[in-house]
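In: when you get a sec, could you give me coordinates for this:
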Amino acid sequence: MKIAIIRQRYNPFGGAERFVERALGALAAEGAEVSLITRSWAGAVQSGFHQVSCDPSYSRLFGGRVARDRSFAQAARFAMQQGGYDITQSHERIPGCMIFRAGDGVHAAWLAHRSRALGWLGRLAQRLSGYHRYVLTAEREMFAHPALQAVICNSTMVADEIARFYGVDRCKLHIIYNGVDTAVFHPGLAAEFRDSVRREAGIPADAPLLLYVGSGFERKGVPRLLQAFAQMQCQDAHLVIVGADRRLKAMRSLAGRLGLASRAHFTGPLMDVRPWYGAADGFVLPTLYDPCPNAALEALACGLPIVTSTTCGASDWVSSGENGWVVDALAVPELARRLDDLAGLAGNPEARQAARAAAEPLTLPAMTGRLLALYHQLGGERAGRL
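Out: The predicted structure follows:
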């Protein structure tokens, strides 16, 4: 089987990139000939696949992001047509691919959710944005293209949005959750890291510790999280925010203005978050839109109950009151109440067991198995048509 996977750029912190790397390894192990069509990729080199460079020039001054994405899409489509591939799977919105993995969600849905948090001027700017118009056009054309045979959705939420916004037949929508290494992320991290990490950060050993992990603070709700944290009844709780963002300094300032300077801790980006999973009592991600955050899955695997939002794919795994709660991303008072509930679960063995149980079926081998089954199904159907 000759397979092409398309992803424009590699981000070492990105869930989509980690999915691609795992998929490449699994496909190569199956004996497939795998090509990665990309503009730039700095990931680990997997044996059994080769890279096809598509790095056309574009005008950064006049075209910006639209010119960047359009030029790559055109080059990638040409590479797909010339490569003689049995299967083409795109992680970008490129009409003509056989499989699309909606790892970044549905742009039309994201804009609808985002508009709730914008003022009238922001909503007007969003409607007039050339970039958003380009992405929506590419998304619409891709979902309507006759070459599209399957869409990999990483949550029920994403599948529902694709059906609602674009009318894609449900038989084409395949829910394949991200996988987590349950041997790397596990409840035993608490015994390994809890005391030492808290001591180094100056966090009391018995204080409820809530953890946020993610970049893109505005979209993932850090300003509202800080506001809700300041409104909690439990004033002994601590909050740790892990992630890279250009607004990191502004969020530190906001924490100070809210009187949280001694209880809100910002670590910046970390390559290894496991020590904080081990130190924490609960995980919180009140994101305005997130198709399927790996961090939430890792937290559950580590036995951390979670609070997330109705516009987050991780809500698939939450059983209210057992391993967490789901709230509206913009409802700060409700979020504050649920943070108190989450702090109240600190040390609760039943909640930790329920969190772990939600993640245990979502292993990397399980994800790989479902992915390969889809490839074999589509490859067989294509061979039958030929």
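
In: tell me, how many residues neighbour I99?
Out: When neighbours are counted by other Cβ atoms under 10 Å, I99 registers 24. The way it works is simple: take the backbone N, C-alpha and C, and place the C-beta from them, glycine included.

In: bridged to it, which residues?
Out: I99 has these beta-bridge partners by DSSP bridges: Q89, A150.

In: quick one, what contacts it?
Out: Contacts for I99 (Cβ atoms under 8 Å, 6 or more residues apart in numbering) come out as I87, T88, Q89, S90, L148, Q149, A150, V151, I152, L374, L378.

In: make JSON lines out of those and add distance to L297.
Out: Output for the contacts of I99, formatted as JSON lines (distance: Cβ to Cβ, whole Å):
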{"residue": "I87", "distance to L297": "26"}
{"residue": "T88", "distance to L297": "27"}
{"residue": "Q89", "distance to L297": "21"}
{"residue": "S90", "distance to L297": "23"}
{"residue": "L148", "distance to L297": "27"}
{"residue": "Q149", "distance to L297": "27"}
{"residue": "A150", "distance to L297": "23"}
{"residue": "V151", "distance to L297": "20"}
{"residue": "I152", "distance to L297": "16"}
{"residue": "L374", "distance to L297": "20"}
{"residue": "L378", "distance to L297": "26"}
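
In: buried subset of those residues?
Out: By neighbour count, with 16 or more other Cβ atoms under 10 Å, the contacts of I99 hold I87, T88, Q89, S90, L148, Q149, A150, V151, I152, L374, L378 as buried.

In: just these now: which is nearest E192?
Out: Among the buried ones among the contacts of I99, I152 lies closest to E192 (Cβ to Cβ), at 34.4 Å.

In: what residue lies at the spatial centre of the chain?
Out: P293 (3.4 Å; Cα atoms, centre = their mean).

In: check the spacing between that residue and A191 real quick.
Out: Distance of P293 to A191, given as Cβ to Cβ, to the nearest Å: 25 Å.

In: re earlier: how close does the residue nearest to the centre of the chain sit to Y177?
Out: 11 Å.

In: one more: A295?
Out: Counting by Cβ to Cβ, the separation of A295 from Y177 is 14 Å.

In: ditto for I203
Out: 32 Å.

In: and C302, by the same measure?
Out: Using Cβ to Cβ, one gets 17 Å for the distance from C302 to Y177.

In: check A373 too.
Out: From A373 to Y177 the distance is 14 Å (Cβ to Cβ).

In: comparing those two, which residue is more hemmed in?
Out: When A373 is set against Y177 and neighbours are counted by other Cβ under 10 Å, the residue ahead is Y177, at 22 against 12.

In: which residues touch the closest residue to that one other than its chain neighbours?
Out: In space, and not counting its chain neighbours, Y177 is closest to L362: 5.2 Å by Cβ to Cβ, 6 or more residues apart in numbering. Residues in contact with L362, defined by Cβ under 8 Å, 6+ apart, are Y177, N178, G179, V180, L297, A301, W317.

In: doesn't the second one lie inside a helix?
Out: No: N178: not assigned to a helix; according to DSSP: H, G, I helix; E, B strand; the rest coil it is coil.

In: and the strands in the stretch 1-150 of the chain?
Out: In the stretch 1-150 of the chain, the segments counted as strands under DSSP state E, counting those that start in this stretch are 2-6, 33-38, 49-53, 87-90, 99-101, 150-153.

In: so the first one versus strand 49-53, what angle?
Out: Taking axes from the mean of the first three to the mean of the last three Cα atoms, to 10 degrees, one finds strand 2-6 and strand 49-53 inclined to each other by 50 degrees.

In: how about the longest one?
Out: For the pair strand 33-38 and strand 49-53, the angle between their directions (the same axes, to 10 degrees) equals 30 degrees.

In: so what secondary structure elements neighbour strand 33-38?
Out: strand 2-6, helix 15-29, strand 49-53, helix 64-82 (3 or more Cβ pairs under 8 Å, 6 or more residues apart in numbering; DSSP states H and E).

In: C-alpha coordinates for that strand, CSV please?
Out: Taking Å, rounded to 0.1, in the frame of the first residue of the first chain, the C-alpha atoms of strand 33-38 are listed here in CSV:
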residue,chain,number,x,y,z
GLU,A,33,5.3,2.8,1.6
VAL,A,34,4.7,6.1,3.4
SER,A,35,5.3,9.6,2.1
LEU,A,36,5.0,12.7,4.2
ILE,A,37,4.1,15.7,2.1
THR,A,38,5.1,18.8,4.1
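
In: can you give the distance of that strand from its chain's centre?
Out: Offset of strand 33-38 from its chain centre (Cα atoms, centre = their mean, to the nearest Å): 22 Å.

In: and if you look at the third one?
Out: Strand 49-53 has its average C-alpha position 25 Å from the chain's average C-alpha position, going by Cα atoms, centre = their mean.

In: pairing partners for it, with directions?
Out: Sheet pairing for strand 49-53, using DSSP bridges, gives strand 33-38 (parallel).

In: contacting residues around the strand it pairs with?
Out: 1-10, 20, 24, 27-28, 46, 48-54, 76, 79-80, 83, 85.
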